[in-house]
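K.L.:
3D model of this:
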Amino acid sequence: MKAPLLVFGWGNPSRGDDALGPLLVERIEALRLPDVECLTDFQLQVEHALDLHGRRRILFVDASVDAAAPFSASRIDPAKDASFTTHAMTPQAVLQVYRDLEDEDPPPTWLLAIRGESFELGQAPSAAAQGNLAAAVAWTRHWLSGRQPP
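P.N.:
This next block holds a predicted model:
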């Protein structure tokens, strides 16, 4: 039986702020919440559509240079886009693969984009990114509880 809530973070832990997605997942996983499954990977791929089956809600988490600090969170829908035929896909393209495979809409899904600024190989996450991560973890805890996040 799969947990009804999925938190899926992606990024490269060796590239500074790109580690924000996996770091958030690590912090949520440490809470050992009974209805939550946590997954990480370096990038989203077509196979990840299978991880969405049987869920009630999904949260995708990634670092972003475009998000306003500390983070942005938004509901997302399936969409075919240019990433649909590549190895690194957008969450919207993964949702579209789910729709195509299952012939039904995916569970309600959000994208949490945590502001990052430094993505150099071999660097640790920046101080600013660590602060953004803390705010994103607090938001995620509200989201997981089913309450309206602040």
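
K.L.:
Tell me the confidence at the residue of the chain most remote from its centre?
P.N.:
Distance from the C-alpha centroid of the chain, by CA atoms, centre = their mean, peaks at Asp103 (23.3 Å). Asp103 carries a pLDDT score of 96 in this model.

K.L.:
same question, Ala73
P.N.:
Ala73 carries a pLDDT value of 97.

K.L.:
Same question for the one 4 residues further on.
P.N.:
Confidence per residue is given as pLDDT, and for Asp77 that number is 95.

K.L.:
Settle this for me: it is touching Leu95, isn't it.
P.N.:
Yes. Look at Asp77 against Leu95 with CB atoms under 8 Å: they come within range, at 6.8 Å. In short, each C-beta sits where N, CA and C put it, glycine included.

K.L.:
Could you tell me which residues touch both of the two?
P.N.:
Taking CB atoms under 8 Å, 6 or more residues apart in numbering as the contact rule, Asp77 and Leu95 both touch Thr109.

K.L.:
So between these two, which is more surrounded?
P.N.:
Between Asp77 and Leu95, counted using other CB atoms under 10 Å, the more crowded position is Leu95 (24 against 13).

K.L.:
all helices for the chain, in order.
P.N.:
20-29, 91-102, 127-145 (DSSP state H).
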